[in-house]
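Enquirer: pasting the sequence and the predicted coordinates here, then a few questions.
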Amino acid sequence: QVQLVESGGGTVQVGESLRISCAATGRPFSADAMAWFRQAPGKEREFVAGIRWFGTETAYSDSVQGRFTISKERTQNMLHLQMNALKPEDTAVYYCAARSRYSDNYHAGDNYDSWGQGTQVTVSS
């Protein structure tokens with residue numbers, strides 16, 4: 001059983017930066033890809049960024065392209081999301097996800113079979 005544990009959330013001011021991380025624990029970990037999703041109060045969960053676990057491919061939502069950077073440390077089974085130039089609309093619970101089966105679609109949450117418990121990111125103006 002793979003467990004994903006997020007860390008690093010908090011409250012920042014508009015324009016500031018924050019890095020959140022996700023640790024994968026449990027059985028020897030492997031995946032096709034990992035991703036970050038987020039969910040704001042009263043809104044549906046949305047894709048933020050994804051990365052191929054073996055390889056260099058990344059994907060971003062239009063709303064964070066150019067501001068957020070997803071990265072991985074495969075030897076440490078760690079996933080990171082560097083968030084710069086944060087906006088109030090970035091406020092949400094951020095979830096780490098992993099999928100075991102190959103897919104070209106990073107955006108679909110149903111493609112992911114392991115999820116973390118989430119970490120709150122609040123951007124205050």
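Expert: Nice, thanks for sending it over. Numbering: from 1, shown residues only.
Enquirer: three-state assignment of the residue nearest the centre of the chain?
Expert: Note on the chain: the residue nearest the mean C-alpha position is Trp36, at 2.0 Å, using C-alpha atoms, centre = their mean. State at Trp36, reduced to three classes by DSSP: H, G, I helix; E, B strand; the rest coil: strand.
Enquirer: Glu46 is in contact with that one, correct?
Expert: No - contact criterion C-beta atoms under 8 Å: Trp36 and Glu46 do not qualify, at 10.1 Å. Quick note: C-beta positions are derived from backbone N, CA and C, even for glycine.
Enquirer: circling back: for the nearest residue to the residue nearest to the centre of the chain once chain neighbours are set aside, list the residues it contacts.
Expert: Leaving aside its chain neighbours, Trp36 sits nearest to Val48 (4.3 Å; criterion: C-beta to C-beta, 6 or more residues apart in numbering). By C-beta atoms under 8 Å, 6 or more residues apart in numbering, the residues touching Val48 are Ala35, Trp36, Phe37, Arg38, Tyr60, Ser61, Val64, Phe68, Leu81, Tyr94.
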